[in-house]
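Visitor: any chance you can model this:
(one chain, ligands or ions: 1)
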Amino acid sequence: MFSSTVSPAASLPAAVPAAGVAPVLEVCGLRAAINQRFAIAGVDFSLGRGETIAIIGRNGSGKSSLLRLLSGLASPDAGTVRIAGHASTDWNKTARHLGLVQQSKEMPAHTTVGEYVLQQIDLRRARRDSAPRLLAMAGLSDFLKHDVAALSGGNRRKLHILCALAHGPDLLLADEPCAGLDAQFQSDVIDYLNELKQQLGMSMVIATHQLEEVEALADLVGVMEGGRLVRLERRNREHSADSPASDTLALDFADRTLVAQQWTRLASLLHALPYVVDATREGERVALRCRSGDVALLSRTVGALAEHEIHLRNIKWAEPGMKELIQGRGMGDR
Ligand SMILES: Nc1ncnc2c1ncn2[C@@H]1O[C@H](COP(=O)(O)OP(=O)(O)OP(=O)(O)O)[C@@H](O)[C@H]1O
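Guide: Reported below is the predicted structural model:
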């Protein structure tokens, strides 16, 4: 599913857009103290036109803080964020390029969808005649006269997104756009975001805990941990089924002398497993690099070795799989 793993993220050439194409978003050496104990640091990446980066990581890892810095709502202590070539804090220049969807947004009372959209268009000094097209794209044309407070969670989220796009920005920053939605609404919002990507060539930064959003939308995945971007991967969307994996299993054997005394036999058994890319010795342990991060690999490996009377004391992800990272688990036990 993901083509490569690089750490630190700064050294990743995959995140640099093709030569001659100005990045829509460029983040360089970003550092900012958020409070006395937490800082964003070591964030470097670029996003080309039409590309989407999903920012994942467990609660409190700094995703929202990073989005605030990208949007210019907060200023960095060091480094730069450039949106369409302009410093993110220079709102006069960046505002027309940027659409922002924050995590929670109050809806006004006694306001219809039609009125709300026009208010938001006026706020952004955009053209009122863009309203029908924006509403149609979000599938909300039939809700013009509905009270915004009575909209479903999914439609409300789409309304926020469409308002953020009223002035025709190149870059959408969305903080957990599907948080708290049930599966149906989630998939509605993801379809809508996908249309924006496909039809408008929108570039997007999406902070998320949802695997579905990453699967459907992301060209790049950035993993935040303790305020740092610790992994940055480019997804191979066309060949996701058989792309090489970045997932590694750590194997501890019941017989601690096995690796030292029977390495040749053990290595040939492990290399014969269809999903294994590579097996390497690390003292008494073995690191097994696998083609897919499927959780079933653990039980398949245990079973395959047991057939040869080889028993394991412990088996775990040496590097957390993408599912664990997205759901906020698996970091910190390396
Ligand atoms: N305005 C603020 N003032 C002070 N500290 C803050 C502020 N916003 C966030 N923090 C702190 O910064 C750290 C990172 O929080 P942040 O909300 O960026 O993480 P997150 O990855 O978005 O979390 P979640 O997935 O729960 O939304 C936390 O320790 C949080 O308490």
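
Visitor: quick one: the helices in the protein, in order.
Guide: Listed in chain order, the helices found in the chain under DSSP state H are 63-71, 91-94, 113-123, 131-137, 153-164, 183-200, 211-217, 258-261, 263-271, 296-306, 322-326.

Visitor: pull the residues that contact stretch 144-157.
Guide: Among residues not part of stretch 144-157, those counted as contacts by Cβ atoms under 8 Å, 6 or more residues apart in numbering are 107-114, 116, 135, 140, 143, 159, 177-178, 180-182, 184-186, 188-189. Yep, even glycine has a C-beta here, placed from its N, CA and C like the rest.

Visitor: just the buried residues out of the residues you listed, in ChimeraX syntax.
Guide: Selecting only the buried members of the contacts of stretch 144-157 in ChimeraX, with burial defined as 16 or more other Cβ atoms under 10 Å, works like this:
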select :113,114,116,135,140,143,159,177,178,181,185,186,188,189
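
Visitor: still on that earlier bit, turn the helices of the chain into a markdown table, columns for mean pLDDT and distance to the ligand.
Guide: As requested, the helices of the chain are arranged in a markdown table below (pLDDT from 0 to 100; distance: least, Cβ to the nearest ligand atom, whole Å):
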| stretch | mean pLDDT | distance to the ligand |
| --- | --- | --- |
| helix 63-71 | 95 | 3 |
| helix 91-94 | 90 | 19 |
| helix 113-123 | 93 | 24 |
| helix 131-137 | 89 | 27 |
| helix 153-164 | 91 | 16 |
| helix 183-200 | 87 | 16 |
| helix 211-217 | 84 | 13 |
| helix 258-261 | 92 | 39 |
| helix 263-271 | 91 | 37 |
| helix 296-306 | 84 | 27 |
| helix 322-326 | 62 | 11 |
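
Visitor: count the residues that sit near residue 198.
Guide: Using other Cβ atoms under 10 Å, residue 198 has 10 neighbouring residues.

Visitor: ok, now which ones touch residue 137?
Guide: 162, 192, 195-196, 199.

Visitor: between those residues, which has the most around it?
Guide: With neighbours defined as other Cβ under 10 Å, the most crowded of those is residue 162; it has 27 neighbours.
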